[in-house]
Every structure is written in structure tokens, then in C-alpha cells.
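J.: here is my input; please provide its structure:
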Amino acid sequence: MLVKVKEGCDVTTVIVFVSIFCSFIFICSSADATDYMIQSHEMNEDRTLGSSINFLCNVNAPLKAMNHKAYWLHEGRLIADLGNPSPLYPQFKHGYKDQSTIFLKIDPISMKDAGAYKCQINIIFNDVDSKELSQTHILVVMVPPKLKPFENTSISLSEGSSYSVKCELTDGLPPPEITWFKQAPTFDGDDDYGIPQENETLWIERATLEDGGIYTCMALNRAGNVRQSIVIKILHRPLLIDASPSPIHSGPGYTTVLFCIFYAAPNATVQWHFKGRIIQLVNVPNNRFQASIQKIEMMETYRYVLTITKMNITDFGTYECVARNKLGPNKDRKLIEVSAKPAMLKIISLSHNNTYSDRYTLEWSVASYSHLTSFHALIHLINGTKEIVYQNITIEPNNLRLPLYYSTITETKENYHQSAVITNLPESSKFSIQMMAVNKYGATDWTDVGYFQTVAGGRSSAVSSVLIACAALLMALLNK
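T.: Below is the predicted model:
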């Protein structure tokens with residue numbers, strides 16, 4: 001008679017008791033047999049198609065030194081027997097990572113490899129007793145998105161028309177999300193992304209100029225993303241984006257550069273006009289007028305440049321750039337005045353003379369390409385609500401400091417810096433002042449009105465000016 005003592009009993013040896021009537025054999029397994037377990041964690045892994053993965057099962061015992069059997073199953077189907085030296089499926093590599101761990105490696109991963117993988121380990125104690133351990137891992141095979149190429153990557157639409165384009169998936173797992181982005185043509189050089197549209201199909205209804213731009217379709221899942229773009233042009237008359245500021249100051253003998261920036265689809269041709277007449281830019285020997293075109297980093301936008309070398313007095317006046325495409329000329333006009341007059345005068349400072357209580361030193365600057373002939377200052381004494389002309393002064397351009405020369409893209413000029421002393425100012429009085437500069441070709445406009453006030457006792461005046469907030473234009477205070 002055979003009696004089995006259940007696992008976990010205290011008997012560690014086999015006891016044989018023989019009596020006259022019967023024989024008893026007590027068998028007890030190892031005391032810690034119930035503690036055998038797989039220590040590694042279950043894995044739920046995402047892997048991209050074509051990559052690899054290692055599944056592990058680690059037992060808290062020296063597995064290789066024990067009597068055992070180990071298997072790997074895929075969706076319940078036996079794919080690896082660690083006791084069989086001949087692999088059942090060559091794409092699966094398996095074996096012992098160390099004394100306690102078995103592994104299964106899949107490289108490369110194919111679509112059919114997705115699913116549940118189970119490691120099964122049977123630890124055999126004797127012919128009767130054994131313990132089965134198992135653990136399941138899940139493999140999700142991911143496929144990066146793929147898109148069907150657009151039939152056309154650039155479309156031209158008339159204003160008011162409608163258009164749709166579909167972003168079609170050809171592959172992707174998990175199912176990708178599709179998003180459309182719009183990159184509009186911006187005129188400050190920055191990208192301007194529109195609000196994302198989460199839909200396979202992009203719809204444009206009753207197209208306007210603002211609908212033009214680069215539209216990008218992006219497909220995204222956990223395996224990656226892919227994108228493709230289509231350029232949508234809205235056909236329209238030329239649109240003037242920017243132009244040279246007016247007036248531009250120059251002088252005889254100097255080089256002057258003018259520019260206009262147009263956005264047009266289809267592309268435009270540009271003519272330059274001077275005083276209402278077209279400037280002939282070709283087939284003219286030694287032509288001082290040269291035109292050029294520069295592409296700007298946005299759709300259908302160009303900078304048109306007119307360069308005039310060795311300016312003479314007949315070149316000063318009003319210029320205009322006129323753009324035209326098959327839909328017509330530009331709507332907006334921009335007249336650019338090229339002037340030989342001085343640029344706007346700027347007041348630098350007004351300071352009280354500490355030695356003489358009635359004297360103030362005024363400093364100003366003005367830019368001019370031609371020699372300045374005079375400065376004019378108009379000072380009013382403010383009495384209540386009335387302003388009385390107190391001094392009307394003409395200042396000769398003497399005491400000029402060394403001119404500062406500099407160049408920009410459009411001009412090279414001289415900055416004149418001069419000072420004058422205003423005297424005989426009554427104490428505790430409020431004044432206003434304006435100023436202009438003159439060269440042989442004309443005068444600047446009067447500066448904006450500035451205000452200042454003298455105080456008693458020879459102290460420095462508390463300069464109060466509306467133009468202090470405007471810096472240079474504030475202190476238009478001049479007198480001898």
C-alpha cells in the first residue's frame with residue numbers, strides 16, 4: 001500500500017514501515033516546492049513591424065540544474081521545445097539566458113507574430129510529483145502609417161470656386177489619426193499654422209485669397225507618422241504687400257534704391273513709372289535706371305527693385321511700381337516720393353545754462369544729402385490761452401560738428417549736429433517752439449510743437465513738453 005503525504009509536510013525522508021499486515025511508504029516532497037514561481041513580469045509590448053523582441057521567463061530556482069521541461073507557445077500552438085535541439089520554427093530563437101531564465105527572441109517581427117506568447121515550465125520532482133509554471137506575454141505588432149500620394153501637389157483655384165482633396169491611408173496599425181494643417185503665406189517671414197482639421201478630406205468652399213497656402217496632411221499612430229503637402233494657389237490680381245517708405249531722401253550724385261513687394265498668382269510683371277510715365281529700362285545705353293527681381297521665401301511673392309545711380313536734379317519726384325498679371329493690375333497704389341530736401345529735424349536736448357539764468361542751450365540734428373543753408377526756429381510765449389510770437393530766428397549752419405556718414409540699402413547721407421543758445425527768456429514763463437531745416441532744394445516740415453517753461457532764480461527749467469514722450473520731436477526749442 002502506497003500512502004502519499006501532501007506537499008508541505010515536515011517529513012523530508014522516505015520512511016518505510018513494514019509490519020506483518022501491510023507496508024506503508026510515506027513520500028514527502030521538498031519543503032519549499034510550493035514556493036517555486038516565475039519572477040519575471042508579464043509583458044504587453046508594442047513593437048514596430050521589422051523590429052525584434054525578447055520574451056523572458058525567470059524562475060526562482062536553478063532551473064538548469066533541475067529536472068524540468070520548458071516550452072513556448074504562440075496562441076496555444078507549440079513553437080519551441082527547449083528539450084528539442086532542432087527548432088520547430090527557425091524564426092524563433094530560444095534557449096537559456098542564465099541558470100534560472102529561458103528566453104524567446106523574435107527577429108524580425110512580422111505581422112503574423114502578433115498575439116499571446118506563453119512560457120510553460122514543468123518542474124519534475126519524481127515520477128509522481130511535478131509543478132507547472134506559466135506566464136503569458138502579449139505582442140502587438142505596429143505598422144507605421146503610409147499614405148497614397150496626391151495626384152497633384154499643386155492646384156490653382158479661381159476665387160469663389162470649391163475644391164476637395166482626400167488624404168488616403170494605405171497602411172498603418174493601430175489605425176492612424178489623420179490631421180490637416182495649413183501653412184498660410186505670411187508676409188513677415190514666419191510660418192502661420194492654421195487650426196488643425198481632423199478629417200481625411202480637406203474641403204475648400206468659395207475660395208478666397210486667404211485660402212491660399214500649403215496644406216499638409218499628417219497620419220499618426222504609435223509606430224510613427226508620415227505627412228505630405230499640397231500647394232493651393234488662389235488666382236488673383238497682384239497684391240501690394242510692402243514698398244519703400246515715402247519720402248525717400250537723397251541727393252544729386254548719390255545712388256537711390258526703391259522697392260515694391262507683390263504677391264500674385266499667376267506671377268506678375270512690374271513696370272516702374274516716374275511722374276506718371278513708364279521708365280524705359282531696356283535697350284538704353286548707359287542707363288542709370290536698373291530693375292531687378294528677388295524671390296521671397298513665400299508663395300508667389302517677389303521683391304521688385306529699382307536702382308538709380310548718380311542721381312541728378314531731374315530724377316527727383318514721384319515714382320510708382322505697377323504690377324499686372326492676366327487677371328489685371330494691382331488694386332492698391334503706392335506713390336514713392338524721392339526728395340532732395342533735408343529729412344525731418346530732430347531735437348536732441350535743451351539744457352539750462354548754470355552761469356546765466358536766462359540762457360538755454362539747444363541741440364538738434366538733421367540729415368541731408370546736400371549742404372544745409374539755414375535753420376529756422378519759431379518761439380511763442382504762452383499767455384493764458386493766447387500764444388504770442390516771441391522770437392522768429394534764422395540760424396546759420398555754423399559750429400557744425402564732424403558729419404557722421406553711414407549707408408543703408410536705400411541711401412547714404414550726412415547727419416548734421418548743431419547747437420544754439422537761446423537768450424533773454426523771461427523767468428517763470430511758458431513757451432512753445434517749432435523748427436525746420438533748409439537746403440537749396442527745399443525745407444523740412446515744421447517739427448511738432450514742443451513746450452518748455454523757465455523758472456525764477458536762475459535754476460534749470462522744468463522742461464514740460466508734449467513731445468518729450470516722443471523724444472527728439474519734443475524739444476523744438478531754438479533761439480540765439
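
J.: any chance you could map the strands in the stretch 101-250 of the chain?
T.: Taking DSSP state E, counting those that start in this stretch as the criterion, the stretch 101-250 of the chain carries its strands at 101-106, 115-124, 130-147, 154-158, 163-166, 169-173, 177-184, 192-193, 201-204, 213-221, 224-243, 248-249.

J.: which of these comes out lowest on mean pLDDT?
T.: In terms of average pLDDT, strand 192-193 trails the rest of the strands of the stretch 101-250 of the chain, at a mean of 48.

J.: quick one, which of the strands of the stretch 101-250 of the chain is nearest to residue 302?
T.: When those are compared by C-beta to C-beta, strand 224-243 sits nearest residue 302, at 9.7 Å. Backbone N, C-alpha and C define where each C-beta goes, glycine included.

J.: pairing partners for that closest one, with directions?
T.: Strand pairing for strand 224-243, using DSSP bridges, gives strand 154-158 (parallel), strand 213-221 (antiparallel), strand 256-265 (antiparallel).

J.: quick check: which of these is buried the most?
T.: strand 256-265 (a mean of 22; mean count of other C-beta atoms under 10 Å).

J.: show me what stretch 118-133 is in contact with.
T.: Stretch 118-133 has contacts (C-beta atoms under 8 Å, 6 or more residues apart in numbering) with 4, 7, 27, 29-30, 33, 36-38, 55, 57, 59, 61, 63, 66-74, 76, 102, 104, 134-137.

J.: may I see the strands of the stretch 101-250 of the chain organised as JSON lines, with distance to residue 89 added?
T.: Listed next are those as JSON lines, based on distance: least, C-beta to C-beta, whole Å:
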{"stretch": "strand 101-106", "distance to residue 89": "10"}
{"stretch": "strand 115-124", "distance to residue 89": "12"}
{"stretch": "strand 130-147", "distance to residue 89": "15"}
{"stretch": "strand 154-158", "distance to residue 89": "50"}
{"stretch": "strand 163-166", "distance to residue 89": "41"}
{"stretch": "strand 169-173", "distance to residue 89": "23"}
{"stretch": "strand 177-184", "distance to residue 89": "35"}
{"stretch": "strand 192-193", "distance to residue 89": "49"}
{"stretch": "strand 201-204", "distance to residue 89": "44"}
{"stretch": "strand 213-221", "distance to residue 89": "28"}
{"stretch": "strand 224-243", "distance to residue 89": "28"}
{"stretch": "strand 248-249", "distance to residue 89": "81"}
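
J.: show me what the helix or strand containing residue 381 is packed against.
T.: Under the criterion of DSSP states H and E, residue 381 resides in strand 372-383. Packing partners of strand 372-383 (3 or more C-beta pairs under 8 Å, 6 or more residues apart in numbering; DSSP states H and E): strand 360-368, strand 386-395, strand 412-422, strand 430-439.

J.: repeat that for 6 Å
T.: Applying 3 or more C-beta pairs under 6 Å, 6 or more residues apart in numbering; DSSP states H and E, one finds that strand 372-383 contacts strand 386-395, strand 430-439.

J.: rank these by pLDDT, which is bottom?
T.: Mean pLDDT per stretch puts strand 386-395 lowest among those, at a mean of 76.

J.: if we can go back for a sec, out of the helices and strands packed on strand 372-383, flag the one nearest residue 205.
T.: Proximity to residue 205 (C-beta to C-beta) singles out strand 430-439 among the helices and strands packed on strand 372-383, at 56.9 Å.

J.: one step back: mind giving me the PyMOL command for buried ones among the contacts of stretch 118-133?
T.: Applying 16 or more other C-beta atoms under 10 Å to these, the buried members can be selected in PyMOL as follows:
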select buried, resi 27+29+33+36+38+55+57+59+61+63+68+70+71+72+73+74+102+104+135+137
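
J.: how many neighbours does the nearest residue to residue 331 once chain neighbours are set aside have?
T.: Closest residue in space to residue 331, ignoring its immediate chain neighbours: residue 237 at 6.3 Å, by C-beta to C-beta, 6 or more residues apart in numbering. Neighbourhood size, residue 237 [other C-beta atoms under 10 Å]: 20.

J.: go on, residue 432?
T.: Number of residues near residue 432 (other C-beta under 10 Å) recorded here: 19.

J.: pLDDT-wise, which helix or strand of this structure ranks last?
T.: strand 404-407 (a mean of 28; mean pLDDT, DSSP states H and E).

J.: so the residue nearest to residue 331 versus residue 155, what's the distance?
T.: As for residue 237, its distance to residue 155 is 19 Å (criterion: C-beta to C-beta, to the nearest Å).

J.: ok, back up a step: for the strands paired with strand 224-243, give me JSON lines that also has distance to residue 250.
T.: Shown next, in JSON lines, are those (distance: least, C-beta to C-beta, whole Å):
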{"stretch": "strand 154-158", "distance to residue 250": "41"}
{"stretch": "strand 213-221", "distance to residue 250": "38"}
{"stretch": "strand 256-265", "distance to residue 250": "4"}
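
J.: closest to residue 362 out of those?
T.: strand 256-265 (31.8 Å).

J.: what is the helix or strand just after the closest one packed up against?
T.: As assigned by DSSP H and E, the chain's next helix or strand after strand 256-265 is strand 269-274. With contacts defined as 3+ C-beta pairs under 6 Å, 6+ apart, strand 269-274 has these neighbours: strand 317-325.

J.: can you give the contact residues for the strand it packs on?
T.: 238, 258, 260, 262, 264, 266, 268-275, 304, 330, 335-337 (C-beta atoms under 6 Å, 6 or more residues apart in numbering).

J.: now do 7 Å
T.: Strand 317-325 has contacts (C-beta atoms under 7 Å, 6 or more residues apart in numbering) with 237-238, 243, 258, 260, 262, 264, 266-275, 304, 329-330, 333-338.

J.: okay, now the sheet partners of the next helix or strand after it, with direction.
T.: Next helix or strand after strand 317-325 toward the C-terminus (DSSP H and E): strand 328-329. Here strand 328-329 is paired, per DSSP bridges, with strand 317-325 (antiparallel).

J.: how big is the angle separating the strand it pairs with from strand 269-274?
T.: Here strand 317-325 runs at an angle of 160 degrees relative to strand 269-274 (axes from the mean of the first three to the mean of the last three C-alpha atoms, to 10 degrees).

J.: for strand 317-325, which positions count as buried?
T.: By neighbour count with 16+ other C-beta under 10 Å, strand 317-325 contains the buried residues 319-325.
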